[in-house]
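[1] When you get a sec, could you give me coordinates for this:
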Amino acid sequence: MNKGAKDSNIKVIEEQPEGKITPSMKMATVKMMRRGVSRKKIQDLMAKEDIPLKDSKELIDQLATTLHNDHRRMMTGGVIWGIIGIALSIFLFTKAAGSPPLIAYIVFWGLAVIGIYDFIRGMIGFSRTKQY
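    Reported below is the predicted structural model:
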């Protein structure tokens, strides 16, 4: 990166008005929400940064909706991957059962395990952000 680009980035940071929600504040809020920090605590921290209560409530509500949707999507995807993995394994097992002995079949445990993992991750994330 050239020196002129560094200087322009510094100016952008310095020119942001106080009380404005920055992208780094949004990221910090998301991290706190994922860790289960209470809404009150997040609002108190934002108040220290001169963010009005109304703006902090709107941001938390917006981020909570986004996180809920992400976790629901993760749980749904986990169920789908799990079902696909189990269905493929059963299908190939039944095909191999009618074949001569010593014919191997493939078990799609990876898909099923990843599906269960995603579902559990989504469920834990959803329960952590449920308070918002």
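[2] Give me the contacts around stretch 22-32.
    16, 41-42, 45-46, 49, 51, 59-60, 63, 67 (C-beta atoms under 8 Å, 6 or more residues apart in numbering). Bear in mind the C-beta positions are built from the backbone N, C-alpha and C, glycine included.
[3] Read off the pLDDT value for the residue nearest to residue 61 when sequence neighbours are not counted.
    Nearest non-adjacent residue to residue 61, counting by C-beta to C-beta, 6 or more residues apart in numbering: residue 132, 7.4 Å away. Note for residue 132: predicted pLDDT of 77.
[4] Would you agree residue 132 is in contact with residue 33?
    Yes - counting by C-beta atoms under 8 Å, residue 132 does reach residue 33; the two are 6.3 Å apart.
[5] Show me whatever sits in contact with both of these two.
    Contact criterion C-beta under 8 Å, 6+ apart; residues shared by residue 132 and residue 33: 60, 63-64, 67.
[6] Write a PyMOL command that selects only the buried members of those.
    A single PyMOL command selects the buried members of those (16 or more other C-beta atoms under 10 Å):
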select buried, resi 60+63+64+67
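[7] quick one: which of the shared contacts of residue 132 and residue 33 sit in helices?
    In helices, defined here by DSSP state H, the members of the shared contacts of residue 132 and residue 33 are 60, 63-64, 67.
[8] what's the most distant pair in the residues you listed?
    Across these, the longest distance by C-beta to C-beta is 10.2 Å; it joins 60 and 67.
[9] shared neighbours of the two, anything?
    Residues touching both residue 60 and residue 67 (C-beta under 8 Å, 6+ apart): 33, 132.
[10] which residues of the chain score low on pLDDT?
    Within the chain, the stretches with pLDDT under 70 are 1-19, 99-105.
[11] Spatially central residue (nearest the centroid) of it, please.
    Centroid-nearest residue in the chain: residue 70, 5.4 Å away (criterion: C-alpha atoms, centre = their mean).
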